[in-house]
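Student: With the sequence up front, the predicted model follows.
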Amino acid sequence: MKIKCIYGPHPSRCWGYSLGIDPLMPPRKCPYNCIYCPITPWYFKKTVQPQLYVSPEKISEELDEFICLNGCVYNTIMIWGMGDPLLNFHTPLIIEKVKKISLNYGCSERVVLRTTGYMLAEKWVEPVFRTTDYILIPLDVVGEPRKLLIDPLDRAKIYLLRKTIHSLPKYAKRKIYAEVNMFRNEWFNPGESRYLLELVATLNSIGISKVFLKTINRPGRTPDIKPLRGKQLVKARKILEEEGIDVKICSSTPEQNIILAGDIEESIYNHVLRKPLSVKEVIKVYGNEGVVYAERLVEQGRLEKINWSSEIYFIPKKSLDIFMGG
Ligand code: SF4
C-alpha cells in the first residue's frame, strides 16, 4: 500500500476540512516527543537538523491527482505530517507550489504551517512568511513538567525559541499563533491557574499574544492522558483572556460529511498514519463504507483498534516496518 504525502481532509475543530500535506513521511522527525503526539510514538527521529525529504514535484503530483478526483473538498491546507515540516529544506517551495495548484483549481487558499518554530529565523525559511496565512507553534507545557511531557532536545529549549521569534521582522511575527493543547494525566493538569499563568508569562516573553486553544481528542504517546473539557476549558480560556491573550477556541468540527473518491482503503491508511481516527471521524470523511475498509486494514495487520476516552479509535499497528526506516 502506497504511503502518500497527502492525507485527509481531516475534520478539524479549528480549520474546517483540512487537507494534510506531509513533507516528511515516516518515521516522525521532530525536536519534541509530546505526550499527546498522535503520530508514531514507538519510533521517531528527534532532531532539529533539516534535510532534504519529500520533493515539491511529488507533492504537486499528488495534489493534482487529489483535486482532479475530489474537487475542492477542503477549507484549509495544513502543512504538517510526520513531525516538524521545517525539517525539510524543500518545504518553502512545497508551500509555494501547493498554493499555486490549489488556486489554479479555484480551491481555498488558506494555508497553515504547524512547526515547533526553531527554524523560523533561517534564511531559506523566509518565503513561508509570504505564502502561509497562519504559523502555528505548539506551546502548552512550560516550566518543570515540560521535560517529561514534551521531552524536547537540548537544542529545543524555550529560551532558544524566544531568541528565534525575537529575531523575526514584525510582518513575520504577525502570522504566528500558539497552539495550546489541553490535557490531563494523573499528576498534571494544565488547566490549573498556576500553570496557565506560567504559560502566559512564557507567551509574553516570546512575544506571542494569539492562541488557538483546544483539548486533545485522540490518543497520544501514552494512553493515560485525558481530554480537558467543559468548565475546565472555559476556565482556562477566561484566565488566558484576563491576562491579555487573544484566544480562539477550537471546539466544533464541520457539520457536513464528505465522501472521498478514489482508493478509500489507501486514503484511510494514510490518514490514520498521521492521526488516529475515531469511528465517527471515519464515517464523516469516508462514509459508512469507510468503517468496512478500516476494519479490513485491521485484519491485514496495518491498523489496530483501541478504546480511548470512551470511543473506538483506529491507530497504526506498532510493528509496521515503515516506522523503522529513515
Ligand atoms: S505533536 Fe507536533 S510538536 Fe509534538 S512531537 Fe508530535 S509532531 Fe512534534
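Tutor: Perfect, I can see it now. Numbering: from 1, shown residues only.
Student: Work out for me the element Leu196 sits within.
Tutor: helix 193-206 (DSSP states H and E).
Student: sorry, that was for Val180
Tutor: Per DSSP H and E: strand 176-184 holds Val180.
Student: So that strand, near the ligand or not?
Tutor: No. Strand 176-184 lies out of reach of the ligand by Cβ under 6 Å from any ligand atom, never closer than 7.9 Å. Bear in mind the C-beta positions are built from the backbone N, C-alpha and C, glycine included.
Student: contacts for that strand?
Tutor: 34-36, 114, 117, 134-140, 165, 168, 190-191, 199, 203, 208, 210-216, 220, 225-228, 232-233, 236, 240, 248 (Cβ atoms under 8 Å, 6 or more residues apart in numbering).
Student: Write down the beta-bridge partners of the residue in the stretch 101-250 of the chain that the ligand sits nearest to, one by one.
Tutor: Here the stretch 101-250 of the chain gets closest to the ligand at one residue, Pro138, 4.8 Å apart by Cβ to the nearest ligand atom. Going by DSSP bridges, Pro138 is paired in beta bridges with Glu179.
Student: distance of it from Asn307?
Tutor: Between Pro138 and Asn307 the distance is 26 Å, computed by Cβ to Cβ, to the nearest Å.
Student: Which one's more surrounded, the two?
Tutor: Neighbour totals were compared for Pro138 and Asn307, and Pro138 leads with 21 against 10 (other Cβ atoms under 10 Å).
Student: A strand includes His161, no?
Tutor: Wrong residue type there; residue 161 is Leu, not His. No. Assigned with DSSP: H, G, I helix; E, B strand; the rest coil, Leu161 falls outside any strand and is helix.
Student: CA atoms only: put stretch 117-137 into CSV for me.
Tutor: Coordinates of the C-alpha atoms in stretch 117-137 are reproduced here as CSV (Å, rounded to 0.1, in the frame of the first residue of the first chain):
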residue,chain,number,x,y,z
GLY,A,117,9.4,27.2,15.4
TYR,A,118,13.2,26.7,15.9
MET,A,119,14.0,27.0,12.2
LEU,A,120,11.9,30.1,11.6
ALA,A,121,14.8,32.5,11.5
GLU,A,122,16.8,30.6,8.9
LYS,A,123,17.2,32.4,5.6
TRP,A,124,15.8,29.6,3.5
VAL,A,125,12.6,29.6,5.5
GLU,A,126,11.8,33.3,4.8
PRO,A,127,9.4,32.7,1.9
VAL,A,128,6.9,30.9,4.2
PHE,A,129,6.0,34.3,5.8
ARG,A,130,4.6,35.3,2.4
THR,A,131,2.9,32.1,1.4
THR,A,132,1.2,31.0,4.7
ASP,A,133,-1.7,32.5,6.4
TYR,A,134,-1.0,31.1,9.9
ILE,A,135,2.1,29.7,11.5
LEU,A,136,1.1,27.6,14.5
ILE,A,137,3.6,26.8,17.2
